[in-house]
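Participant: quick one, what's the 3D model for this:
(one chain, ligands or ions: 2)
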Amino acid sequence: MQSSISLSFSSPSTICRSDCSTAAVANGSFLMPRSLRFCGLRKEAFKSLNSSLHIRLTRLCCSNNNRISASSANGAPSSSSSSSLKGGFDYDLVIIGAGVGGHGAALHAVEKGLKTAIIEGEVVGGTCVNRGCVPSKALLAVSGRMRELQNEQHMKSFGLQVAAAGYDRQAVADHANNLASKIRGNLTNSMKALGVDILTGFGTVLGPQKVKYGDTVITAKDIIIATGSVPSVPKGIEVDGKTVITSDHALKLEFVPNWIAIVGSGYIGLEFSDVYTALGSEVTFVEALDQLMPGFDPEIGKLAQRVLINPRKIDYHTGVFASKITPARDGKPVLIELIDAKTKEPKDTLEVDAALIATGRAPFTQGLGLENINVQTQRGFVPVDERMQVIDANGELVPHLYCIGDANGKMMLAHAASAQGISVVEQVTGKDHILNHLSIPAACFTHPEISMVGLTEPQAREKAEKEGFEISIAKTSFKANTKALAENEGEGLAKLIYRPDNGEILGVHIFGMHAADLIHEASNAIALGSRIQDIKYAVHAHPTLSEVIDELFKSAKVKTNASSPIAEPVAA
Ligand SMILES: Cc1cc2nc3c(=O)[nH]c(=O)nc-3n(C[C@H](O)[C@H](O)[C@H](O)COP(=O)(O)OP(=O)(O)OC[C@H]3O[C@@H](n4cnc5c(N)ncnc54)[C@H](O)[C@@H]3O)c2cc1C
Ligand SMILES: NC(=O)c1ccc[n+]([C@@H]2O[C@H](COP(=O)([O-])OP(=O)(O)OC[C@H]3O[C@@H](n4cnc5c(N)ncnc54)[C@H](O)[C@@H]3O)[C@@H](O)[C@H]2O)c1
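Facilitator: Residues are numbered from 1 along each chain as shown. Ligands and ions are numbered 1, 2, ... in the order given. Predicted coordinates:
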């Protein structure tokens, strides 16, 4: 078992941190600002948080007369405390799982003065950093550039001439791997620098307020389960990690097949289709539902199909299940047997070079000891209430036990996991907090990107009918935006679904260049409860893509007597 050293401070961590921070700035270095805490991809701004800074901060804190104690990661809890522990617990908060959810919770907890430990059974950073968001976005950064360089028409339209673009597969793979290592280091250092004890071992809940990792038992006033998820592989599919793979394998980019079938056209399938086609593969989608990208707003899905699927070397089978997949062996290709999703009748057999299974993710709760606290998972997910508090088999809340992130299945996104963790810390430190999941944006990082927040049009229509209100739709095109046209990227649409009677934003969907960044004006508006009649007067710099959203809000027709400002934001 690995042992790592963590540092903590005998005086309240907030005091130490502010002292350190001031001194560190005076030394020409800086403590990671709040907005950078999430692993994210803001590596340029994150550079300063490295191990040398950690050492410098440690020294500075020492010189400020804060006693430093070191604890073996898998030994007894550190003797220092950042809070005045009550009830004889080892920690105020113990988090099981150091993915982005656990990391977000841990950082917020130390900011609130809680003595915090995080238990990790594998590597810090979890799925997002090691096998998800981070390496996939590195590959997508490559595919975006390849796509642009290969598009002769596009280059010519700028007056540019570019020789044939090529790539070095291993160097592309290294880019993804190096980025993951770097962000993993940043995450680890940020927790160590702030005094979070990183405990190495597999965590098991032994009972209320009691956790075991390795052979060590520790107690905590509150416990957060943040154990994440793993790829979900349907029955009948044999994954060999070489020719039949999941995203865990695909991110290593060990080979680029000539022809790859992607089973599932959700986020992972779509992002990898962007990567593979840019690198020269042909793709065949196999999707169980009747349309590709079934999770997106249908209008945006149609546009995405027109731009991201039809002109590329992609074909598809919809309304079919991949009932059996056999890896390539003995000179034979990968065999995929398709059955009709409704009748279950055999439909077709595909022979391809490789198959990527992207059919969703399963929560990882094995060995967690949920039976010790009478908790039964639901389809594997840990049941929680709107405050992420765990619900037991009798429907009762388990005191002092929370579950965040992919393991609770509410919204399987990195920033949602982190936001849920922060919300839990708010509650355990005395401030009631309910996260509005309808304000959490999502993005698919294809070229161009897709982003969304709130309800799709069918969901909004259903809600409107049930609750008896009208909805309206406004749309703006990237074709009318100067910046998009300057970039020759006029293919794009923004769509607003809203209530004309009171100006409430129900959903915003964007397809186009930098859609993933543009969505935040809408998601922040929903989170803060702003209405269209308020934000339509906000001023946007010209010429920027943000004017697409400005136009969107300005083109909405809200009844003139709609009140403003509005009531508290509603929780999902
Ligand atoms: C290919 C891919 C691309 C993605 N891209 C994006 C994206 O661009 N944006 C986005 O928002 N989301 C993305 N996601 C989803 C995102 O990765 C997850 O939503 C996020 O990682 C969930 O965070 P988490 O903290 O809940 O769990 P995880 O990140 O899975 O972390 C859980 C951690 O807990 C540890 N663990 C589990 N059980 C135990 C135990 N008993 N004891 C100790 N440790 C334990 C695990 O080792 C792991 O480190 C992507 C996912 C994939 C697969
Ligand atoms: N950019 C991002 O934010 C991002 C990127 C990647 C992954 N993720 C997260 O990771 C999670 C997993 O992504 P995903 O793409 O695997 O799941 P998903 O739920 O987005 O899509 C899975 C797709 O597979 C289809 N499917 C399921 N079983 C099938 C079968 N047997 N045969 C054919 N089709 C089948 C489903 O109908 C669905 O369209 C998502 O919840 C997503 O939130 C996010």
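
Participant: pull the longest helix from the protein.
Facilitator: helix 169-193 (DSSP state H).

Participant: is the helix or strand just after that one positioned near ligand 1?
Facilitator: Once helix 169-193 ends, the next helix or strand along the chain (criterion: DSSP states H and E) is strand 197-200. No. Judged by Cβ under 6 Å from any ligand atom, strand 197-200 makes no contact with ligand 1; its nearest approach is 8.7 Å. The C-beta positions use only the backbone N, C-alpha and C, and glycine is treated the same way.

Participant: and strand 197-200, what does it pack onto?
Facilitator: Identification of packing neighbours for strand 197-200 by 3 or more Cβ pairs under 8 Å, 6 or more residues apart in numbering; DSSP states H and E yields strand 5-9, strand 116-120, helix 169-193.

Participant: please name the residues that touch the closest residue to ligand 2 within the stretch 401-550 of the chain.
Facilitator: Of all residues in the stretch 401-550 of the chain, Met412 sits closest to ligand 2, at 3.5 Å by Cβ to the nearest ligand atom. Contacts for Met412 (Cβ atoms under 8 Å, 6 or more residues apart in numbering) come out as 229, 361, 406.

Participant: out of those, who's near ligand 2?
Facilitator: Within the contacts of Met412, those near ligand 2 by Cβ under 6 Å from any ligand atom are Arg361.

Participant: nearest to ligand 1 among the contacts of Met412?
Facilitator: Nearest to ligand 1, judged by Cβ to the nearest ligand atom, of the contacts of Met412 is Asp406 at 4.0 Å.

Participant: can I assume that closest one is in contact with Gly228?
Facilitator: Yes. Contact status for Asp406 versus Gly228: in contact at 4.6 Å, counting by Cβ atoms under 8 Å.

Participant: tell me, what's touching those two both at once?
Facilitator: Common neighbours of Asp406 and Gly228, using Cβ under 8 Å, 6+ apart, are 99, 101, 127, 363-364, 417.

Participant: in JSON lines: these, plus neighbour count.
Facilitator: Formatted as JSON lines, the shared contacts of Asp406 and Gly228 follow (neighbours: other Cβ atoms under 10 Å):
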{"residue": "Gly99", "neighbour count": "35"}
{"residue": "Gly101", "neighbour count": "35"}
{"residue": "Thr127", "neighbour count": "26"}
{"residue": "Pro363", "neighbour count": "25"}
{"residue": "Phe364", "neighbour count": "19"}
{"residue": "Ala417", "neighbour count": "31"}
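
Participant: need those in a markdown table (columns: pLDDT, distance to ligand 2 and secondary structure).
Facilitator: Converted to a markdown table, these look like this (pLDDT from 0 to 100; distance: Cβ to the nearest ligand atom, whole Å; DSSP: H, G, I helix; E, B strand; the rest coil):
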| residue | pLDDT | distance to ligand 2 | secondary structure |
| --- | --- | --- | --- |
| Gly99 | 98 | 13 | coil |
| Gly101 | 98 | 13 | helix |
| Thr127 | 98 | 8 | helix |
| Pro363 | 98 | 11 | strand |
| Phe364 | 98 | 13 | coil |
| Ala417 | 98 | 11 | helix |
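
Participant: write out the residues of the stretch 151-300 of the chain neighbouring ligand 1.
Facilitator: 202-203, 226-229, 247, 268.

Participant: among those, which are in strands?
Facilitator: Among those, the ones falling in strands (DSSP state E) are 203, 229.

Participant: tell me the contacts of the residue in the stretch 101-250 of the chain that ligand 2 sits nearest to?
Facilitator: As assessed by Cβ to the nearest ligand atom, ligand 2 sits closest to Pro234 within the stretch 101-250 of the chain, at 4.2 Å. Residues near Pro234 by Cβ under 8 Å, 6+ apart: 321-322, 357, 359.

Participant: from ligand 1, how far out is it?
Facilitator: Note on Pro234: its distance to ligand 1, by Cβ to the nearest ligand atom, to the nearest Å, is 16 Å.

Participant: just confirm that residue is within a helix.
Facilitator: No. Using DSSP: H, G, I helix; E, B strand; the rest coil, the assignment for Pro234 is coil, not a helix.

Participant: so for it, what's the pLDDT?
Facilitator: Pro234 carries a pLDDT value of 97.

Participant: more crowded one of Asp406 and Gly228?
Facilitator: Neighbours per residue (other Cβ atoms under 10 Å) separate Asp406 from Gly228, with Asp406 holding more: 31 against 27.

Participant: contacts only, for the more buried one.
Facilitator: 99, 101, 127, 228-229, 361, 363-364, 412, 417.

Participant: what helix or strand is Ala220 located in?
Facilitator: If you go by DSSP H and E, Ala220 is part of strand 216-225.

Participant: only alpha carbons, please: show that strand as CSV.
Facilitator: In CSV, the C-alpha atoms belonging to strand 216-225 read as follows (Å, rounded to 0.1, in the frame of the first residue of the first chain):
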residue,chain,number,x,y,z
THR,A,216,-7.4,1.5,9.9
VAL,A,217,-10.8,2.5,11.3
ILE,A,218,-11.6,6.2,11.6
THR,A,219,-14.6,8.2,12.8
ALA,A,220,-16.1,11.4,11.4
LYS,A,221,-19.0,13.6,12.3
ASP,A,222,-20.1,13.5,8.7
ILE,A,223,-19.2,11.1,5.8
ILE,A,224,-19.6,11.7,2.1
ILE,A,225,-19.6,8.8,-0.4
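
Participant: list the neighbouring strands of that strand plus their orientation.
Facilitator: strand 91-96 (parallel), strand 210-213 (antiparallel), strand 397-403 (parallel) (DSSP bridges).

Participant: may I see the buried residues of that strand?
Facilitator: For strand 216-225, a neighbour-count test (16 or more other Cβ atoms under 10 Å) marks 216, 218-225 as buried.

Participant: next: stretch 235-248.
Facilitator: 237, 239, 243-247.

Participant: from Lys324, how far out is the residue of the stretch 101-250 of the chain closest to ligand 2?
Facilitator: Per Cβ to Cβ, to the nearest Å, Pro234 is found 10 Å from Lys324.
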